[in-house]
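K.L.:
Fold the following, please.
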Amino acid sequence: MFVSHTLSMPLFGHNSQFFIHQNTTRLGTITPTNQNHKFQFFFTQNCVGLSGHKLCDLNSQFFDECYAKKSNRIRPRSQKHKLLSLRHAKTLVVNDYQPNSMELCFHSITQLGTSRPRNLESKFLSGGPLRTSNSKSYKLGSREIGFSEGNMRNGKFIVRPKSVLSVEKAVEREGIGREASYDAIVIGSGIGGLVAATQLAVKGAKVLVLEKYVIPGGSSGYYERDGYTFDVGSSVMFGFSDKGNLNLITQALAAVGCEMEVIPDPTTVHFHLPNSLSVQVHREYGEFVAELTNKFPHEKEGILKFYGECWKIFNALNSLELKSLEEPIYLFGQFFQKPLECLTLAYYLPQNAGDIARKFIKDPQLLSFIDAECFIVSTVNALQTPMINASMVLCDRHFGGINYPVGGVGGISKSLAKGLVDQGSEILYKANVTNIIIDQDKAVGVRLSDGREYFAKTIISNATRWDTFGNLLKGEHLPKEEENFQKVYVKAPSFLSIHMGVKAEVLPPDTDCHHFVLENDWTRLEEPYGSIFLSIPTVLDSSLAPEGRHILHIFTTSSIEDWEGLPPKDYEAKKVLFADEIIRRLEKKLFPGLRSSIVFMEVGTPKTHRRFLARDKGTYGPMPRGTPKGLLGMPFNTTAIDGLYCVGDSCFPGQGVIAVAFSGVMCAHRVAADIGLEKKSPVLDAALLRLLGWLRTLA
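P.N.:
Below is the predicted model:
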């Protein structure tokens, strides 16, 4: 509720309007009523008030010491300038314009460029037109300003609310309704969300990306400590080559005019497995097959046949223009152009890699190696990994190769974010979305933790489907298709991660960048802390660490239940204990003397991943409860809620950089069709979506 404060009142002519082109849809922030109304007032010079009844020039300063950096954001000129008042207001319709200065003195500032009430009891909910009549005596009576009343008493203008709305509820204004300021709002700036956003932006859509953290990227982001630049997640970058149709990261960057220098990785991963089995996955396919058949000469024919099946699927995918599988015009067009390739993909859609491997291979240890190959892709064994997913990764590493971006993985997200802004769209950091706003069964906007609200024609959630339907849609009934999804899939585990700086001499000169370690027992592959994945990106790019140092990024699967409920002292002690055990294992298997070479170390748990990446239990995507029917059970981008879409690792085709980029491309195409930027057939759309829904029930 407003605390009664005063506002000096000017003389207005009939029909004069104060803030006629603004409305307030969230506490203390003024935005235009539509895209045609822009703040175009920039700092010039202070406007003299009513002293001597001097007239104020119409081009005088609007917000003292502020300028409009964007169309609907008012910001200060510099860090030292605070938005302490709304002074010298310009009127937009003028009759007998004789204003004095005006101050909204019921505001104080808690952050740069945002007007906020002094306390929780004070709400700034007004924003409608202030209409007055000529009156030299200032006896204006009651006048409405949005949800507030204006009364003149003793030459002062008193503002009080007509009603009080909870911050948790949407701020709706009488007679105006919610206008979509954007074509799409994307919640989260992971690779999937950024690819969807940039693809829409280049098609002409106006997009707003809202990111909880201070930089983009999510699990493909970065952070800096003591001269080190650490990748948050994996350093294995698929889809980053200069050829084919599956180089989706390269394509996404090129679409917004960005290009990154990359360093080829000669070895995708070096496996260190039970029974002293060591396999290097060379960039050249022939070298990899030669090494594997040398280890398993009796399975040469089976090896060639299994990986040959993978290439058949990859080549089919790589020959198609990748767009939304939920858009029938595109699907029919691709089918008529490439019927054999489409039928090939349809045939393998319900199949898993483990089943295909067992058709050709009998050796238990070789089948366990293929399990390890798939585990890196999907955190499950080959019998639970869709054949299409496995084929994308197992072949792209040889077709385009793994290429590491100079400066670190975080540069991909930074480049995409820059490209998004260059296209005229926006990204807002420290914007923690807590609710998706539903109006008449349609997603129309989002609400942030600080009460701000944004509205759009469509909402795209880059959060997991568990977070989207469990946290962002509070109070909404869980749609049947989401119930079915959660029956088939559970949350994949999170990770215990260790970021480490070590002395360079501890690593042999020929050390590979990526390693997978499972020492003694194949059955521990999927157990928490059983297997270890290690990245050493400074092997490729030494600029990521101080001179004479290397980065080791170590992670192993872990459950959040292992880390909850501990007092802070016990929590920190447990991190040290588990990290010490991981270091002991690596020291024994790979790098003698590793412990004594450590100069920097930070340990993250599933709680860390949940906190910074806003993922339910720190999960990294879905994991099938049992043996899935390939990708049939995976949801695509559309949801049962009109206007709401999902993107990322909990959507088709699943986890991994190349997979989430594919998800982003598909989502952008489907959304573009729905908002009129691509061709669309409503009748065919409805039929296809029903068909896909039915197919998912078969899983």
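K.L.:
What ranges does the stretch 401-550 of the chain have for its helices?
P.N.:
Secondary structure of the stretch 401-550 of the chain (DSSP state H, counting those that start in this stretch): helices at 410-422, 465-467, 480-488.
K.L.:
Can you tell me what sits against the longest one?
P.N.:
For helix 410-422, contacts defined as C-beta atoms under 8 Å, 6 or more residues apart in numbering pick out 189-191, 194-195, 197-198, 201, 207, 209, 215-218, 220-222, 229, 231-232, 237, 249, 252-253, 255-258, 260, 405, 426-427. Every C-beta, even on glycine, is put in place using the N, C-alpha and C of the backbone.
K.L.:
Need the buried ones from the residues you listed selected in PyMOL.
P.N.:
Entered in PyMOL, the line below selects the buried ones among the contacts of helix 410-422, by 16 or more other C-beta atoms under 10 Å:
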select buried, resi 189+190+191+194+195+197+198+201+207+209+215+216+217+218+220+221+222+229+231+232+237+249+252+253+255+256+258+260+405+426+427
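K.L.:
Please flag which of the contacts of helix 410-422 sit within helices.
P.N.:
Within these, residues falling in helices by DSSP state H are 191, 194-195, 197-198, 201, 249, 252-253, 255.
K.L.:
Name the nearest of these relative to residue 284.
P.N.:
residue 249 (21.4 Å; C-beta to C-beta).
K.L.:
so who does that closest one touch?
P.N.:
Contacts of residue 249 by C-beta under 8 Å, 6+ apart are 191, 237-240, 412, 657-658, 661.
K.L.:
Show me which of those residues is closest to residue 528.
P.N.:
Closest to residue 528, out of all of the contacts of residue 249 and judged by C-beta to C-beta, is residue 657, at 23.9 Å.
K.L.:
Can you verify my assumption that the closest one contacts residue 237?
P.N.:
Yes. Using C-beta atoms under 8 Å, residue 657 is in contact with residue 237, at 6.0 Å.
K.L.:
tell me which helix or strand of the chain sits lowest on mean pLDDT?
P.N.:
Using mean pLDDT, DSSP states H and E, the weakest-scoring helix or strand in the chain turns out to be strand 107-111, at a mean of 29.
K.L.:
how close does residue 305 get to residue 353?
P.N.:
Using C-beta to C-beta, to the nearest Å, one gets 13 Å for the distance from residue 305 to residue 353.
K.L.:
number of nearby residues for residue 530?
P.N.:
Residue 530 has 17 neighbouring residues, counting by other C-beta atoms under 10 Å.
K.L.:
ditto for the one 10 residues further on
P.N.:
The burial metric for residue 540, expressed as a neighbour count using other C-beta under 10 Å, is 21.
K.L.:
Now for it: which residues touch it?
P.N.:
By C-beta under 8 Å, 6+ apart, the neighbours of residue 540 are 263, 265, 404, 513.
K.L.:
Which residues are in contact with residue 472?
P.N.:
Going by C-beta under 8 Å, 6+ apart, residue 472 touches 187, 433-436, 446, 461, 463.
K.L.:
Mind listing residues that contact the longest helix along the chain?
P.N.:
Ordering each helix of the chain by length in residues (DSSP H) puts helix 568-589 first. For helix 568-589, the surrounding residues in contact (C-beta under 8 Å, 6+ apart) are 272, 496, 498, 517, 519, 529, 532, 534, 554, 556, 563, 566, 593-595, 598, 601, 603, 605.
K.L.:
how about TSV for the contacts of residue 249, with distance to residue 359 and pLDDT added?
P.N.:
Shown next, in TSV, are these (distance: C-beta to C-beta, whole Å; pLDDT from 0 to 100):
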residue	distance to residue 359	pLDDT
191	34	96
237	31	90
238	26	89
239	28	89
240	32	91
412	37	96
657	29	91
658	25	91
661	30	95
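K.L.:
follow-up on the earlier one: just the ones in helices among the contacts of helix 410-422 now: which is nearest residue 693?
P.N.:
Nearest to residue 693 among the ones in helices among the contacts of helix 410-422: residue 195, at 24.9 Å, using C-beta to C-beta.
K.L.:
which SSE is the nearest residue to the closest one once chain neighbours are set aside in?
P.N.:
Spatial nearest neighbour of residue 195, chain neighbours left out: residue 664 (2.9 Å); criterion: C-beta to C-beta, 6 or more residues apart in numbering. Taking DSSP states H and E as the criterion, residue 664 maps to helix 657-674.
K.L.:
what's that helix packed up against?
P.N.:
Applying 3 or more C-beta pairs under 8 Å, 6 or more residues apart in numbering; DSSP states H and E, we find helix 657-674 packed against helix 191-202, helix 248-255, helix 387-399, strand 453-461, strand 644-646.
K.L.:
Ends of stretch 460-474, what's the gap?
P.N.:
Stretch 460-474 has an end-to-end distance of 17 Å (criterion: C-alpha to C-alpha, to the nearest Å).
K.L.:
That stretch: how far from the chain's middle?
P.N.:
12 Å (C-alpha atoms, centre = their mean, to the nearest Å).
K.L.:
what does stretch 283-291 give?
P.N.:
36 Å.
K.L.:
what about that stretch, average pLDDT?
P.N.:
Across stretch 283-291, pLDDT averages out at 97.
K.L.:
So for that stretch, what gets flagged as buried?
P.N.:
Of the residues in stretch 283-291, those buried (16+ other C-beta under 10 Å) are 283, 285, 288-289.
K.L.:
With respect to residue 453, which of the residues you listed is nearest?
P.N.:
Nearest to residue 453 among the buried residues of stretch 283-291: residue 283, at 49.1 Å, using C-beta to C-beta.
K.L.:
show me what contacts that closest one?
P.N.:
264-268, 397-398, 401-402.
K.L.:
what do you get if the cut-off is 7 Å, keeping everything else the same?
P.N.:
264-268, 398, 401 (C-beta atoms under 7 Å, 6 or more residues apart in numbering).
K.L.:
and the nearest residue to residue 233 once chain neighbours are set aside, how many neighbours?
P.N.:
Nearest residue to residue 233 in three dimensions, chain neighbours excluded: residue 219, at 3.9 Å (C-beta to C-beta, 6+ apart). Residues within reach of residue 219, counting by other C-beta under 10 Å, total 23.
K.L.:
cool, and residue 689?
P.N.:
Quick note: residue 689 (other C-beta under 10 Å) scores 15 neighbours.
K.L.:
between residue 305 and residue 353, who's got more neighbours?
P.N.:
The neighbour comparison of residue 305 against residue 353 (other C-beta under 10 Å) goes to residue 353, with 30 against 15.
K.L.:
Does that one touch residue 388 like I think?
P.N.:
No. In this structure residue 353 lies outside contact range of residue 388 using C-beta atoms under 7 Å: 9.1 Å.
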